[in-house]
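Enquirer: heads up, no residue letters with this:
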């Protein structure tokens, strides 16, 4: 089976840096994904890690340690529009579907 | 093709009625997924198609739920004898077959919100 843990809520201020952690236990590993979901909207893809290390994409970076079952999403230069739910997901054992965590709701204030 | 589209966007029904949702994936995507999401939770995997073949179903998918993708293009998700616990957002997603086993980026539709009274 698979278990994914991430904090329920986080708050931060504009311009700051925030790190959202995700730990997972899986019977197989087929990549780790981060998605962003604004309230009432569909999830949209942010990043994908399959090897250990840091992947950087503009203001967003994602880190993976497979041996520790750990990932984080780093958001820099926070903007109000970054207020959303951030979903950590892992590929299932068969590599056919993504299994999502419950999401971390990030609130950015001015 | 502008993305994954779902219809209807909202559905209110009485307990015991049947409902059907439709999903039109991105045209070149042969993999199609149905997820269910309730408030404050992440999407829960329900089922997955590769072309017209339904290859995987979650244990969450009771026998009241059935999904089809008859021609390998659009898909329908039917819920029979709806219960109040079925109230949720039903999300459809698609992706291209990259030929690798990893799951790749999913493109989600806006969802169909079901309210069972």
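Expert: Ah, there it is. Model, not experiment: these values are computed from the prediction.

Enquirer: What segments of chain A are strands?
Expert: With DSSP state E, the ranges of strands along chain A come out as A:3-5, A:9-13, A:18-25, A:32-37, A:44-49, A:53-57, A:60-65, A:70-75, A:84-91, A:98-100, A:104-109.

Enquirer: For residue B:65, which of those is the nearest?
Expert: strand A:98-100 (18.4 Å; Cβ to Cβ). All C-beta spots, glycine's among them, are computed from the backbone N, C-alpha and C.

Enquirer: List, one by one, the residues from chain A near chain B.
Expert: A:4, A:30-31, A:33, A:41-45, A:48, A:50, A:87, A:89, A:91-92, A:94-103 (Cβ under 8 Å from any Cβ of the partner chain).

Enquirer: Please repeat the previous calculation with a cut-off of 10 Å.
Expert: A:4, A:6, A:8, A:28-31, A:33, A:35, A:37, A:40-48, A:50, A:85, A:87-92, A:94-105 (Cβ under 10 Å from any Cβ of the partner chain).

Enquirer: related to what we said a few turns ago, and of the strands of chain A, who's closest to residue B:45?
Expert: The nearest among the strands of chain A, by Cβ to Cβ, is strand A:98-100 at 6.2 Å.

Enquirer: Same list, the strands of chain A, but as TSV with mean pLDDT please.
Expert: TSV is the format used below for the strands of chain A (pLDDT from 0 to 100):
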stretch	mean pLDDT
strand A:3-5	94
strand A:9-13	97
strand A:18-25	97
strand A:32-37	96
strand A:44-49	94
strand A:53-57	93
strand A:60-65	97
strand A:70-75	98
strand A:84-91	95
strand A:98-100	91
strand A:104-109	97
